[in-house]
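Visitor: any chance you could fold what I've pasted below:
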Amino acid sequence: MIIISDAHVNEAIGNHAQFFEMLTAFESCDHDLIFLGDIFDLWIALPRYEREIHHRFLAWCKNQKQHRSIGFIEGNHEYFLADEKKDFFSWCTDEAFRQNENGTVFCHGDQVNSLDRNYLTFRKAAKNGITKQILRFLPLGPRFVEYLKVRIKETNQDFRKDLPKQEIETFAEHRFREGGRTIFVGHFHRMYCHQSPAGGELHTVHGWLGTGMVTLFDEEQRTVRSVNWRELFS
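Guide: This is a model prediction of the structure:
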């Protein structure tokens, strides 16, 4: 399977062309695809808030799920996707993590650091049914979203400077006790590996933004490799 995290696709910075070029290239392989969150710089999955690039991505996923499994974990830059757009994917969740039948755990990572209370409080206020209904009918909703975008980037700046290894490892050990074997975490935009004495592994996934890096995982052999997506087709 191929795991993509933290692409932060944004027409304003011009990385959308390469992102969709990559998706087109993926059509020539049969790997399952896991989108580990923050795929778009901001995605409010409601009318008036979506752009053509969101619709284009959804159409691609709907087509490709006929040929492979397409999974999506909501990140902190996606809102209400699991409620509104789940039918476009093989599976889509806004939960903190998802574990499959083989003990592979997929996690965006924004909820891993329990010490980041400001962000966790903001997340509860922003990601709930009441907020969704307000945004659906708010006359100045799109303008509010621009404010929201700024707040997302400001809520946990201090916690982005250093990798919270202790919190990550605590999260990993909880998952291992629940039957997890291999854990993939996004959000932190850097690579780190934690190994359990019992054989479990946690890997933080390199962000796609600015690097084009994806993670290739052989679930049977449990091998993990991070490469630029173009290397898969060279």
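Visitor: tell me which residue is most central in the protein.
Guide: The centroid of the chain falls nearest to residue 37 when counting by C-alpha atoms, centre = their mean (1.3 Å).
Visitor: I'd like to know how far the nearest residue to that one once chain neighbours are set aside sits from residue 47.
Guide: Using C-beta to C-beta, 6 or more residues apart in numbering and skipping the chain neighbours, the partner closest in space to residue 37 is residue 75 (2.5 Å). For glycine as for every other residue, the C-beta is placed from the backbone atoms N, C-alpha and C. According to C-beta to C-beta, to the nearest Å, residue 75 and residue 47 sit 21 Å apart.
Visitor: neighbour count for the two, which is higher?
Guide: For residue 75 and residue 47, the more surrounded residue by other C-beta atoms under 10 Å is residue 75, and the numbers stand at 25 against 9.
Visitor: quick revisit: so the residue nearest to residue 37, which of the three states?
Guide: Three-state assignment for residue 75 (DSSP: H, G, I helix; E, B strand; the rest coil): coil.
Visitor: which residues touch it?
Guide: 5, 6, 36, 37, 38, 39, 108, 110, 186, 187 (C-beta atoms under 8 Å, 6 or more residues apart in numbering).
Visitor: now do the SS call for the last one.
Guide: Same thing as residue 187. coil.
Visitor: which residues touch it?
Guide: Going by C-beta under 8 Å, 6+ apart, the list of residues near residue 187 reads 5, 6, 37, 38, 75, 76, 108, 109, 110, 112, 204.
Visitor: what's the answer for the second one, then?
Guide: Each residue near residue 6 by C-beta under 8 Å, 6+ apart is listed here: 36, 37, 38, 39, 75, 186, 187, 189, 205, 207, 208, 209.
Visitor: am I right that the last one is in a strand?
Guide: Spelled out, that is residue 209. No. Using three-state DSSP, the assignment for residue 209 is coil, not a strand.
Visitor: count the residues that sit near it.
Guide: Using other C-beta under 10 Å, residue 209 has 19 other residues around it.
Visitor: rewinding a little: show me which pair in the contacts of residue 75 is furthest apart.
Guide: 39 and 110 (13.5 Å; C-beta to C-beta).
Visitor: about what we covered before: can you lay out the contacts of residue 6 as CSV showing pLDDT?
Guide: Listed next are the contacts of residue 6 as CSV, based on pLDDT from 0 to 100:
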residue, pLDDT
36, 98
37, 97
38, 96
39, 98
75, 96
186, 97
187, 95
189, 93
205, 96
207, 96
208, 98
209, 96
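Visitor: what's the most distant pair in those?
Guide: Among these, 39 and 189 lie farthest apart (C-beta to C-beta), at 13.5 Å.
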